[in-house]
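K.L.:
Any chance you could fold what I've pasted below:
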Amino acid sequence: MVKYAALKRQAQLYFGKKGSQEMAKCAHCGKATTFGHSVSFSHRKTNRPFRPNLQKVTVLENGHKMKKTLCAKCIRTLVKTA
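P.N.:
Sure, this is the predicted structure:
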């Protein structure tokens, strides 16, 4: 039981508490979630997130295939320049 607790603690330190989750951020331009307001018909404003359109893409970089999280705009730019 003690070994299990120690291994679990090591995993939390390595992966974080919720597992290995990547931040919602584009690896190329750094675009991330921003916050603003939803405005109803009566102009009551409630907070809401504006999330970028992030996709996991395999990119050839320096002759090596790498998986990156990119926004749709950066994917389009990479396709145009390739």
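
K.L.:
which stretches of the chain have low pLDDT?
P.N.:
Counting by pLDDT under 70, the chain shows low-confidence ranges at 1-22.

K.L.:
Contacts only, for the most centrally placed residue in it.
P.N.:
With distances taken as C-alpha atoms, centre = their mean, the chain has residue 24 as the residue nearest its mean C-alpha position (2.2 Å). Applying C-beta atoms under 8 Å, 6 or more residues apart in numbering, we find residue 24 in contact with 32, 33, 51, 52, 54. Every C-beta, even on glycine, is put in place using the N, C-alpha and C of the backbone.

K.L.:
want to try CSV for these, with neighbour count and distance to residue 44 as columns?
P.N.:
Output for the contacts of residue 24, formatted as CSV (neighbours: other C-beta atoms under 10 Å; distance: C-beta to C-beta, whole Å):
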residue, neighbour count, distance to residue 44
32, 14, 27
33, 12, 22
51, 11, 22
52, 20, 26
54, 21, 30
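
K.L.:
quick one: which of those is nearest residue 41?
P.N.:
Set against residue 41, the nearest of the contacts of residue 24 by C-beta to C-beta is residue 51 (23.7 Å).
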